[in-house]
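**Q** I'd like to go over a predicted model; first the sequence, then the structure.
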Amino acid sequence: MTPTPPNRRFSEIAVGDRAHIERMLTLESLQLFSALASEPGPQDGGQATVASLRSQALAGIGTWVGALVASAVGTCLASTGAVCRGHQLRFLAPIRIGDRVQVAVEVTRRHPDTGHVTLHCTGTSPAGEPVFEGEVEVAASDPRDGDDLPETGICVGGQGRVQHLLAHVHPLAPIRVAVVHPCDEASLAAALDARAAGLIEPVLVAPQARLAAVAAQHQLDLSGVEVIDVPHSHAAAARAVELAGQGKVEALMKGSLHTDELMGAVVASASPLRTKRRVSHCFVLQTPHYPRPFIVTDAAVNLAPDLQQKADIVRNAIDLAQVLGVAQPKVAILAAVETVNPTMPATLDAAALCKMAERGQISGGVLDGPLAFDNAISIAAARTKGIVSPVAGQADILLVPDLESGNMLAKQLIYLGQAASAGIVLGAKVPVILTSRADSHQARMASCAVALMLAHHYRRTPP
């Protein structure tokens, strides 16, 4: 999913708007951008010379810097319709492999007659030493065409990105959500904040006395919020599922009860929320180190899915990606290796899923696998290993072999890779907002925004 928040028109861009990103120049990046910037020439009988290699490396660094600036400008303007009209960059110090560069851009001038904006850009080392500086002139989205520009994905990363996500869903009316047993500060505050943001109309299903005590302890105002009194968490889960089955709420939101309690009620044999699909969980993640938001699935519900269950997990993830704006998502089926090995069941499942997609049993996406993680997210790694694939290096969906590997991958990305996240369960008749007790406020808000989009989609196309 290309990381594009809602299109900002020229009128919405102000002098002083700014953004920054930080990246490290790796050997892999230098090789890739050198290849993009240079064509092998016929000189010296096709033999590379020291001079030609040095020239390619310099061109690669320049292309890499240009890509960083473009990424920062795109983040600042938040627009798929913006077009670069020119730039001037002055390099002030050499950049070497292993160097980290912090790129900052700021809107310095607006040109109402042309719809262009000028941004000042700087690159510095972590120590604050200048590496490059310059200006970029960009044609912003045409005010006449603003809402017609194509949406190709949704950003979820960081506080600023959450604001873009909220802006994207702002035209959608809030949905009634049964918040199941929100008997701690984090889950209760998240429900009230989502209400204040216009995302949901919460229906709190919990022991009323306990709920009131939590609200009083943490000075949370329950005025005007509907509360359904139940004796305990099991009863809260059952009552919330009943409300959803009756159409009185359009989504469920996990509170302070255990995931098994809530999901047990959702998938029970007598549950009114069951569909023909297997339910599965999707993490929607965005990290500074990958150029698009992506989905990791299943990392929370299915422990060790078999082939048929994995097929449903893929179908659910494709549905979510399409709702988020990706018409034909690329699905990487992960394993430890990129070759089919009869002793490794994950590789056999990957091959079978790809064949199912070829035969039309799985539709709406492009599947490839088995792919190791590096091949799935790095074009350079795939090229190094000689992998020719429409998915490698540009995956929108990562299908993991089992819950343990998926959970570890997602949490490593969140805690070590600075990924922002949203969590949602699909496969039931309503979306289930399934957040962890350790999730940030931003993750909870982003999850509510994704559920809002799904619920409105389900009105037109019931699952």
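**A** Sure thing, it's come through.

**Q** which residues of the stretch 51-200 of the chain fall in strands?
**A** Taking DSSP state E, counting those that start in this stretch as the criterion, the stretch 51-200 of the chain carries its strands at 83-91, 100-111, 116-124, 130-139, 175-180, 200-206.

**Q** which of those has the lowest average pLDDT?
**A** For the strands of the stretch 51-200 of the chain, mean pLDDT drops lowest on strand 83-91, to a mean of 78.

**Q** by contact count, what packs against it?
**A** Secondary-structure packing of strand 83-91 (3 or more CB pairs under 8 Å, 6 or more residues apart in numbering; DSSP states H and E): helix 50-77, strand 130-139. Any C-beta I mention is one placed from the backbone N, CA and C, and that applies to glycine too.

**Q** Name the surrounding residues that touch that strand.
**A** Applying CB atoms under 8 Å, 6 or more residues apart in numbering, the contact partners of strand 83-91 are 65-66, 69-70, 73, 116, 121, 131-139.

**Q** and which of the residues you listed is nearest to Ala304?
**A** Comparing the contacts of strand 83-91 against Ala304 with CB to CB places Ala70 closest, at 42.4 Å.

**Q** which stretch in the helices and strands packed on strand 83-91 has the least confidence?
**A** Across the helices and strands packed on strand 83-91, helix 50-77 gives the lowest mean pLDDT, at a mean of 70.

**Q** quick one on the thing from earlier: CSV for the strands of the stretch 51-200 of the chain, including distance to Ile318 and mean neighbour count?
**A** Formatted as CSV, the strands of the stretch 51-200 of the chain follow (distance: least, CB to CB, whole Å; neighbours: other CB atoms under 10 Å):
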stretch, distance to Ile318, mean neighbour count
strand 83-91, 31, 13
strand 100-111, 34, 18
strand 116-124, 37, 21
strand 130-139, 34, 18
strand 175-180, 23, 27
strand 200-206, 25, 26
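
**Q** Select, out of those, the one closest to Gly386.
**A** Among those, the nearest to Gly386 by CB to CB is strand 100-111 (30.6 Å).

**Q** Between strand 116-124 and the closest one, find me the angle.
**A** 160 degrees (axes from the mean of the first three to the mean of the last three CA atoms, to 10 degrees).

**Q** list the contacts for His120?
**A** Per CB under 8 Å, 6+ apart, neighbours of His120: Val105, Glu106, Thr108, Glu133, Gly134, Glu135.

**Q** The third one contacts Val15, correct?
**A** Yes: Thr108 is within contact range of Val15, at 6.5 Å (criterion: CB atoms under 8 Å).

**Q** So which of the helices and strands packed on strand 83-91 is nearest Pro174?
**A** helix 50-77 (27.9 Å).

**Q** List the contacts of the closest residue to Ala19 other than its chain neighbours.
**A** Using CB to CB, 6 or more residues apart in numbering and skipping the chain neighbours, the partner closest in space to Ala19 is Cys76 (3.7 Å). Cys76 sits next to Asp17, Arg18, Ala19, Val105, Glu106, Val107, Leu119 when contact means CB under 8 Å, 6+ apart.

**Q** rerun that using 10 Å as the cut-off
**A** Residues counted as contacts of Cys76 (CB atoms under 10 Å, 6 or more residues apart in numbering) are 8, 13, 17-21, 82, 104-107, 117, 119, 121, 136, 138, 160.

**Q** Same question for Ala236.
**A** Ala236 neighbours (CB under 10 Å, 6+ apart): 178-183, 204-207, 228-230, 255-257, 261-262, 265.

**Q** For stretch 287-297, what does the pLDDT average out to?
**A** If you average the pLDDT over stretch 287-297, you get 87.

**Q** repeat for stretch 419-433
**A** Here stretch 419-433 scores 94 as its mean pLDDT.

**Q** could I get that stretch in CSV with only the CA atoms?
**A** C-alpha atoms of stretch 419-433 as CSV (Å, rounded to 0.1, in the frame of the first residue of the first chain):
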residue,chain,number,x,y,z
ALA,A,419,6.0,0.8,13.2
ALA,A,420,2.6,2.3,13.9
SER,A,421,-0.2,-0.2,14.0
ALA,A,422,-3.9,-0.8,13.8
GLY,A,423,-5.5,-4.2,14.7
ILE,A,424,-8.8,-5.6,13.3
VAL,A,425,-10.5,-9.0,13.0
LEU,A,426,-12.3,-9.9,9.8
GLY,A,427,-14.4,-12.9,8.8
ALA,A,428,-17.3,-12.1,11.1
LYS,A,429,-20.4,-10.2,10.1
VAL,A,430,-19.0,-7.1,11.8
PRO,A,431,-15.4,-5.9,12.3
VAL,A,432,-13.9,-6.6,15.7
ILE,A,433,-11.4,-4.0,17.0
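
**Q** now the strands: where do they sit in the stretch 201-350 of the chain?
**A** Using DSSP E, counting those that start in this stretch, the strands of the stretch 201-350 of the chain run over 226-229, 251-254, 280-286, 294-297, 330-334.

**Q** Export the strands of the stretch 51-200 of the chain to JSON lines and append columns for distance to Leu303.
**A** Converted to JSON lines, the strands of the stretch 51-200 of the chain look like this (distance: least, CB to CB, whole Å):
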{"stretch": "strand 83-91", "distance to Leu303": "48"}
{"stretch": "strand 100-111", "distance to Leu303": "39"}
{"stretch": "strand 116-124", "distance to Leu303": "46"}
{"stretch": "strand 130-139", "distance to Leu303": "48"}
{"stretch": "strand 175-180", "distance to Leu303": "22"}
{"stretch": "strand 200-206", "distance to Leu303": "27"}
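
**Q** Of all the ones you listed, which one is nearest Arg460?
**A** Nearest of these (CB to CB): strand 175-180, 13.8 Å.

**Q** Paired strands for the closest one, with orientation please.
**A** According to DSSP bridges, strand 175-180 forms sheet pairs with strand 200-206 (parallel), strand 251-254 (parallel).

**Q** Redo these as a markdown table? Include distance to Pro390.
**A** Below are the strands paired with strand 175-180 laid out as a markdown table (distance: least, CB to CB, whole Å):
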| stretch | distance to Pro390 |
| --- | --- |
| strand 200-206 | 38 |
| strand 251-254 | 34 |
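
**Q** So which of those strands is nearest Ala299?
**A** strand 251-254 (15.0 Å).

**Q** Please save the CA atoms from the closest one in CSV.
**A** C-alpha atoms of strand 251-254 as CSV (Å, rounded to 0.1, in the frame of the first residue of the first chain):
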residue,chain,number,x,y,z
ALA,A,251,-18.7,-3.3,15.3
LEU,A,252,-17.2,-4.8,18.5
MET,A,253,-14.3,-3.3,20.4
LYS,A,254,-12.3,-5.3,22.9
